[in-house]
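Peer 1: give me coordinates for this.
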Amino acid sequence: MGLSSESINAYSVLVGRPEGKRPLGRPRRRWEDNMKIDLREVGYHGRDWINLAQDRDRWRAYVRAAMNLRIP
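Peer 2: Numbering: from 1, shown residues only. Below you'll find the predicted structure:
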């Protein structure tokens with residue numbers, strides 16, 4: 001079973017490192033780092049968020065909760 005270029009691109013977005021020059025101060029955050037921070041803010045303290053995302057109903061509930069934090 002081969003991997004398609006689409007799945008490889010999606011994986012690189014999930015766990016890849018940001019490109020470019022690092023700004024002064026703290027290092028750039030990856031998309032994965034932002035997801036972990038948002039999930040912690042809405043009460044998910046599990047370690048494997050990728051498995052959580054496989055359960056679409058639970059994932060959707062956490063994403064909606066995180067989005068509601070961002071709305072003033």
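
Peer 1: ok, residue 59 touching residue 46?
Peer 2: No: between residue 59 and residue 46 there is no contact under CB atoms under 8 Å: 11.7 Å. The C-beta positions use only the backbone N, C-alpha and C, and glycine is treated the same way.

Peer 1: lowest-pLDDT helix or strand in the protein?
Peer 2: helix 5-15 (a mean of 67; mean pLDDT, DSSP states H and E).

Peer 1: got the CA positions of whichever helix or strand comes after that helix in PDB?
Peer 2: Following helix 5-15 in sequence order, the next helix or strand is helix 31-41 (DSSP states H and E). Provided in PDB are the C-alpha atoms of helix 31-41 (Å, rounded to 0.1, in the frame of the first residue of the first chain):
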ATOM      1  CA  TRP A  31       0.300  23.500  13.800                       C
ATOM      2  CA  GLU A  32       0.600  20.400  16.100                       C
ATOM      3  CA  ASP A  33       1.800  22.600  18.900                       C
ATOM      4  CA  ASN A  34      -1.200  24.900  18.500                       C
ATOM      5  CA  MET A  35      -3.600  22.000  18.500                       C
ATOM      6  CA  LYS A  36      -2.200  20.600  21.700                       C
ATOM      7  CA  ILE A  37      -2.400  24.100  23.400                       C
ATOM      8  CA  ASP A  38      -6.000  24.600  22.200                       C
ATOM      9  CA  LEU A  39      -7.000  21.100  23.400                       C
ATOM     10  CA  ARG A  40      -5.600  21.600  26.800                       C
ATOM     11  CA  GLU A  41      -7.500  24.900  27.100                       C
END
